[in-house]
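Asks: following is a predicted model, sequence given first.
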Amino acid sequence: MHECMAKRDVTLMTFKFISANTAPVHTHSPSSTHWCPPPPGKLKLNVDGACSTSVWKRELGAVVRNVHGDLMGAISVPITRCFSAKIIELLAIREGLQFAWEDGYNSLVVELDAKNAINDIVSGTEAFRVAGGIINNIHMLSRNFDFLSFVFAPRLCNTVVERLAKFALGSVSIDVWLEEGPPWINVFLQADANNLELS
């Protein structure tokens, strides 16, 4: 597991709101090409946002998995308003954190393929009204967690949540799965689990 993290191009920021201390940002390289598990005692939250220019819809997806790659929970959220790619990624983080917190998961590694969103959360310097408000929401939500880190990973490492976000294109309501997902997503979950066994 540690070798897997060492092979990935990662930007990491760990929030410790209880003690009001923050860890420095760490970078590792080269990048990995598949999903890697969280450290023992932690869960991994993968989030992603997708868009369709043909129907002007935006979609959010979030997936929570344990160290074995087992699905703990997932959510797919369609959005009818037109937002920028960065806003969509920030919304995906916020919705994912809200989902995880409500389900009682309090130690998370949040992984996504949007470095700019991570940098904005870490720096807290985003001045744009909408983005700044969402980042403030994320900071407030973060206080509910015992451990929380934000990690960049290439899109190849986020196949499951990418598929989940795109699923919302054909949906008009929020879809939630707990511990067992739909058959079409289980195929990708199993592929990630197989990669863990081979690594």
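Replies: Received it, and whenever you're ready, just let me know what you need.

Asks: tell me where the protein has strands.
Replies: 10-16, 21-22, 26-28, 43-52, 57-65, 71-79, 107-112, 147-152, 175-178 (DSSP state E).

Asks: out of those strands, which gets the lowest mean score?
Replies: For the strands of the chain, mean pLDDT drops lowest on strand 26-28, to a mean of 30.

Asks: quick check: buried residues in stretch 142-161?
Replies: 142, 145, 147-153, 157-161 (16 or more other CB atoms under 10 Å). Just so you know, the C-beta spots here come from the backbone N, C-alpha and C atoms, and that holds for glycine as well.

Asks: dump those into JSON lines; add distance to I88 as well.
Replies: Shown next, in JSON lines, are the buried residues of stretch 142-161 (distance: CB to CB, whole Å):
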{"residue": "S142", "distance to I88": "20"}
{"residue": "F145", "distance to I88": "23"}
{"residue": "F147", "distance to I88": "26"}
{"residue": "L148", "distance to I88": "21"}
{"residue": "S149", "distance to I88": "21"}
{"residue": "F150", "distance to I88": "16"}
{"residue": "V151", "distance to I88": "19"}
{"residue": "F152", "distance to I88": "16"}
{"residue": "A153", "distance to I88": "17"}
{"residue": "C157", "distance to I88": "19"}
{"residue": "N158", "distance to I88": "14"}
{"residue": "T159", "distance to I88": "18"}
{"residue": "V160", "distance to I88": "18"}
{"residue": "V161", "distance to I88": "13"}
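
Asks: now, which of those sits nearest I185?
Replies: Distance to I185, by CB to CB, is smallest for V160 among the buried residues of stretch 142-161, at 6.3 Å.

Asks: skipping adjacent residues, who's closest to the closest one in space?
Replies: F188 (4.6 Å; CB to CB, 6 or more residues apart in numbering).

Asks: hmm, back to that, distance to A193 added to the strands of the chain, as JSON lines?
Replies: Output for the strands of the chain, formatted as JSON lines (distance: least, CB to CB, whole Å):
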{"stretch": "strand 10-16", "distance to A193": "21"}
{"stretch": "strand 21-22", "distance to A193": "33"}
{"stretch": "strand 26-28", "distance to A193": "23"}
{"stretch": "strand 43-52", "distance to A193": "13"}
{"stretch": "strand 57-65", "distance to A193": "9"}
{"stretch": "strand 71-79", "distance to A193": "10"}
{"stretch": "strand 107-112", "distance to A193": "16"}
{"stretch": "strand 147-152", "distance to A193": "20"}
{"stretch": "strand 175-178", "distance to A193": "17"}
